[in-house]
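Undergrad: 3D, please:
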Amino acid sequence: IYSPDDGRQMGLQGMINDVLEQCDFPLGGNLNGELKAYQKQNPQAIARLITAVENFPEQHREWLDGIRKQIGKKVIPVLGITGTGGAGKSSLVDELVRRFLLDFKDKTIAVVSVDPSKRKTGGALLGDRIRMNSVNHDRVFMRSLATRQSNLALSKHVKSAVDILKSAGYDLIILETSGIGQSDTEIVDHSDLSL
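TA: Numbers count the residues shown, from 1 in each chain. Predicted structure coming up:
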């Protein structure tokens, strides 16, 4: 909380810079119970684990290798959805999720949407959630990932995210790429069926 004296001393831009500086640290370095809670499909625990492997992949490699061995026997389908930017991928995913929830009352679904990072700023909008109305359900987990590079359709952490979701026991995983060109085919390496 800033006082009027802080405002006079730092100015508005100084206070903004101070807030941003205090918020600028990587998340996911320390896990606190997430390794047990994610197996109950706890969305907060799953989100923290995905963030942990994004920000500290080397630190979490051992337990990630362990869950990869564990899921080696599980058959959980991964549907990859790809296409050019603006083709309606997110709208299609939303409709698929809606129909899945209606048709399979006891099944769960996870969605991983990848958005492109901007070349100039390195930021990503992660706006796929705007078009998805059906993901606000207790049987749905939805996570947006940034490509973190401007020329890719998928994040390099997609495999880890999908493995965490498989280990958590979701019945179907949908993987949506950012807009792609005709030569981008990396979705087939991460999905059982691509659309």
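
Undergrad: what's the worst-scoring helix or strand of the chain on mean pLDDT packed up against?
TA: Sorting the helices and strands of the chain by mean pLDDT, DSSP states H and E puts helix 34-37 at the bottom, at a mean of 75. For helix 34-37, the elements it packs on are helix 43-55, judged by 3 or more Cβ pairs under 8 Å, 6 or more residues apart in numbering; DSSP states H and E. In this view, the C-beta of every residue, glycine as well, is placed from N, C-alpha and C.

Undergrad: Run through who's touching the helix it packs on.
TA: 26-29, 31, 33-35, 37-38, 59-60, 64, 141, 143, 145, 155, 157, 160-161, 164-165, 168 (Cβ atoms under 8 Å, 6 or more residues apart in numbering).

Undergrad: Filter these down to just the buried residues.
TA: With burial judged by 16 or more other Cβ atoms under 10 Å, the buried subset of these is 28, 31, 34-35, 37-38, 60, 64, 141, 143, 145, 155, 157, 160-161, 164-165, 168.

Undergrad: Do I have it right that G80 meets D189?
TA: No: G80 lies out of contact with D189 (Cβ atoms under 8 Å); the separation is 9.1 Å.

Undergrad: These two: which has the busier surroundings?
TA: Between G80 and D189, counted using other Cβ atoms under 10 Å, the more crowded position is G80 (23 against 11).

Undergrad: Check for me that that one belongs to a helix.
TA: No: for G80, which was evaluated using DSSP: H, G, I helix; E, B strand; the rest coil, the result is strand, with no helix membership.

Undergrad: need the contact list for it.
TA: Residues near G80 by Cβ under 8 Å, 6+ apart: L175, E176, T177, I187, V188, H190, S191, L193, S194, L195.

Undergrad: which among the residues you listed gets closest to G85?
TA: Nearest to G85 among those, counting by Cβ to Cβ, is T177 at 10.1 Å.

Undergrad: Cross-reference the buried ones among the contacts of helix 43-55 with the helices and report the matches.
TA: The helices, defined by DSSP state H, take in E34, L35, A37, L64, S160, A161, I164, L165, A168 from those.

Undergrad: Could you report the neighbour count for the closest residue to the first one other than its chain neighbours?
TA: Read that as E34. Distance criterion Cβ to Cβ, 6 or more residues apart in numbering; nearest residue to E34, sequence neighbours excluded, is A45 at 4.1 Å. By other Cβ under 10 Å, the residues close to A45 number 21.

Undergrad: And for E54?
TA: The local packing of E54 (other Cβ under 10 Å) involves 20 other residues.
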